[in-house]
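Q: generate coordinates for the sequence data below:
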Amino acid sequence: MSAGTTLTPVRGRLDAGGYLIALGGIVRRELLRFFNQKERFFSALVRPLVWLFIFAAGFRNTLGLSITPPYETYVLYEVYVVPGLAVMIQLFNGMQSSLSMVYDREVGSMRVLLTSPYPRWSLLLAKLIAGVIVSLIQAYVFLAIASFFETDIPWMGYLYALPAFLAAGLMLGAIGLFLSSLVRQLENFASVMNFVIFPMFFASSALYPLWRINESSATLYWICQINPFTHAVELVRFALYGAFNPVSCAVVVGTGIAFFVMAVAAYDPGRGLLARRGGPAGEAG
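A: You can find the predicted model right below:
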């Protein structure tokens, strides 16, 4: 190189544009996977629709629901369970996304991405956002179907509920992301999920109001109260009717941040759980 030659600085890829490219690539991959696996879409709708159209019809006359916020009048059981069933879709999707993370981390695309120069928190956040977008599509398709069966949700409620669904999806996805760091093999993931999904769903206000639970068991009532899924359901329930639940919002946001921070720490090859378990070979910090 001759004297006097100046070097033109090369713009790095780790700028805002680079992060957006990485985010767009991960989101696009998740959407393509989702639309190419049509059975995944229909199976996500079968669970809540079966509960809404079969179980709710049978419980309509046995489960009377008094006037409790955010409802201003007496509501039928199927009206009450719709918000909980919509968030249930996000719960199952969050666990499904974490299942794919276990596979991708070992032999899939995330194995390569985790060795890239991008910080791990940005890659995990992109994976989290991609999963939430997929869950939003599923949840709103379910709400659209449920609207034909007199669920009495105001039209503006669907718009008001969007931030609530985003917060709930991020929280549930962060929990699944952290759980994926605890599992080394796909064979062990199903058993772990059985101890997470069903207790979270049934020990919540998704299917029955908390005051009814309190009448039968004070212990179960308090378990439901500390269950973050309960607050995700209540946040969405209030939002669908144009109301805001500050306590549930604080719990959902706080839990989501806490589990995401733990997931980032767990995926740290130097200090996290993957390090102690002998994480994927070749990963760089």
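Q: in the chain, which helix has the most residues?
A: helix 77-106 (DSSP state H).
Q: for it, packing partners?
A: helix 38-50, helix 56-59, helix 109-113, helix 120-146, helix 155-182, helix 186-194, helix 197-202, helix 228-240 (3 or more CB pairs under 8 Å, 6 or more residues apart in numbering; DSSP states H and E). The way it works is simple: take the backbone N, C-alpha and C, and place the C-beta from them, glycine included.
Q: so where's the stretch 1-150 of the chain uncertain?
A: For the stretch 1-150 of the chain, the stretches with pLDDT under 70 are 1-15, 60-66, 103-116.
Q: what's the angle from the longest helix of the chain to helix 38-50?
A: If you take axes from the mean of the first three to the mean of the last three CA atoms, to 10 degrees, helix 77-106 sits at 150 degrees to helix 38-50.
Q: most packed of the helices and strands packed on helix 77-106?
A: Sort the helices and strands packed on helix 77-106 by mean neighbour count, taking mean count of other CB atoms under 10 Å, and helix 228-240 sits at the top with a mean of 26.
Q: please enumerate residues in contact with it?
A: 69-70, 82-84, 86-87, 90-91, 153-154, 157-158, 160-161, 163-165, 167-168, 171-172, 175, 200-201, 203-206, 210, 224, 244-245, 247-249, 251-252, 255 (CB atoms under 8 Å, 6 or more residues apart in numbering).
Q: repeat that with 7 Å
A: Helix 228-240 is contacted by residues 70, 83-84, 86-87, 91, 153, 157, 160-161, 164-165, 167-168, 171-172, 200-201, 204-206, 224, 244-245, 248-249, 251-252, 255 when judged by CB atoms under 7 Å, 6 or more residues apart in numbering.
Q: that older thread, chain center to the longest helix of the chain: distance?
A: The chain centre lies 6 Å from the centre of helix 77-106; the measure is CA atoms, centre = their mean, to the nearest Å.
Q: report the buried residues of it.
A: Residues 77-102, 104-105 are the ones in helix 77-106 that count as buried (16 or more other CB atoms under 10 Å).
Q: quick one on the thing from earlier: include distance to residue 16 when you put the helices and strands packed on helix 77-106 into TSV, please.
A: TSV is the format used below for the helices and strands packed on helix 77-106 (distance: least, CB to CB, whole Å):
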stretch	distance to residue 16
helix 38-50	32
helix 56-59	47
helix 109-113	18
helix 120-146	11
helix 155-182	21
helix 186-194	35
helix 197-202	36
helix 228-240	30
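Q: of all those, which one is nearest residue 18?
A: helix 120-146 (9.5 Å; CB to CB).
Q: could you tell me the angle between the helix or strand residue 248 falls within and helix 77-106?
A: Using DSSP states H and E, residue 248 sits within helix 246-266. In terms of direction (the same axes, to 10 degrees), helix 246-266 departs from helix 77-106 by 10 degrees.
Q: just want the angle from helix 246-266 to helix 155-182.
A: Going by the same axes, to 10 degrees, helix 246-266 makes 30 degrees with helix 155-182.
Q: name the helices or strands packed onto helix 246-266?
A: The contact analysis (3 or more CB pairs under 7 Å, 6 or more residues apart in numbering; DSSP states H and E) places helix 246-266 against helix 120-146, helix 155-182, helix 228-240.
Q: of the ones you listed, which is nearest residue 192?
A: So among the helices and strands packed on helix 246-266, helix 155-182 is nearest, using CB to CB, at 6.4 Å.
Q: how far does that closest one sit from the chain's center?
A: For helix 155-182 - counting by CA atoms, centre = their mean - the centre lies 4 Å from the chain centre.
Q: same question for stretch 17-24.
A: With CA atoms, centre = their mean, you get 22 Å for stretch 17-24.
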